[in-house]
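Participant: Sequence first, predicted model second:
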Amino acid sequence: MGKGKKTAKQSAVGARRRYGRLLGGIAVALALVVGGWFAYQSAANLPGTAVASLGNAHLQSPGEPHAPYNSDPPTSGPHLPYLAPWGIHTIAIPKELQVHNLEDGGVLVQYNCPQGCPELVEKLRPIVNRYDKHVILAPYPGMDRRIALTAWGRIDKFDEFDESRVVRFIKAYKGIDRHAR
């Protein structure tokens, strides 16, 4: 038999191999499409609105100048090297401090009530008290809405108290450390 000629058996084996590679390639492509679809659906169902990351540079002092934040309240960007205590606050937390808490997996529940809103605070307080860490309740004067929920790269702002909305946001993002992202 000559050097360049294949037997019928060799040709059949080669055809089966090519067919097997083709099926394997189709299976991989299908798995990528299905996985991508589920990832898209998962991201689409996350609470709040995505906000582009401004990175996680550390500032050396509270008054150090930096680029402006791209959301209000902030959801990422330059921040101080220490954390605000988790839990209930009665005074506003500086933006540069909030961001470090978000980077460490925190969720901030903030409210804006120029004339005071003790009834809203009394509804938010027990929700925040369910968590021993990674959640903060604080006022945020000057905000364009009454309530804002923030996590790293996510924000949800609204005017009327909605316990299920607050809880869903906290559960989705609480404890997700963002140092490596």
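Facilitator: Here it is on my side, so go on.

Participant: contacts and neighbour counts: CA atoms only from here.
Facilitator: Fine.

Participant: after the lowest-mean-pLDDT helix or strand in the chain comes which helix or strand?
Facilitator: Scoring the helices and strands of the chain by mean pLDDT, DSSP states H and E places helix 8-44 at the bottom, with a mean of 66. Per DSSP states H and E, the first helix or strand lying C-terminal to helix 8-44 is strand 49-50.

Participant: And that following strand, what does it pack against?
Facilitator: Using 3 or more Cα pairs under 8 Å, 6 or more residues apart in numbering; DSSP states H and E, the elements in contact with strand 49-50 are strand 154-158.

Participant: contacting residues around the strand it packs on?
Facilitator: P47, G48, T49, A50, V51, T75, R145, R146, I147, A148, L149, T150 (Cα atoms under 8 Å, 6 or more residues apart in numbering).

Participant: what would those residues look like in JSON lines with neighbour count?
Facilitator: Shown next, in JSON lines, are the contacts of strand 154-158 (neighbours: other Cα atoms under 10 Å):
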{"residue": "P47", "neighbour count": "19"}
{"residue": "G48", "neighbour count": "20"}
{"residue": "T49", "neighbour count": "13"}
{"residue": "A50", "neighbour count": "16"}
{"residue": "V51", "neighbour count": "16"}
{"residue": "T75", "neighbour count": "29"}
{"residue": "R145", "neighbour count": "17"}
{"residue": "R146", "neighbour count": "21"}
{"residue": "I147", "neighbour count": "23"}
{"residue": "A148", "neighbour count": "23"}
{"residue": "L149", "neighbour count": "24"}
{"residue": "T150", "neighbour count": "28"}
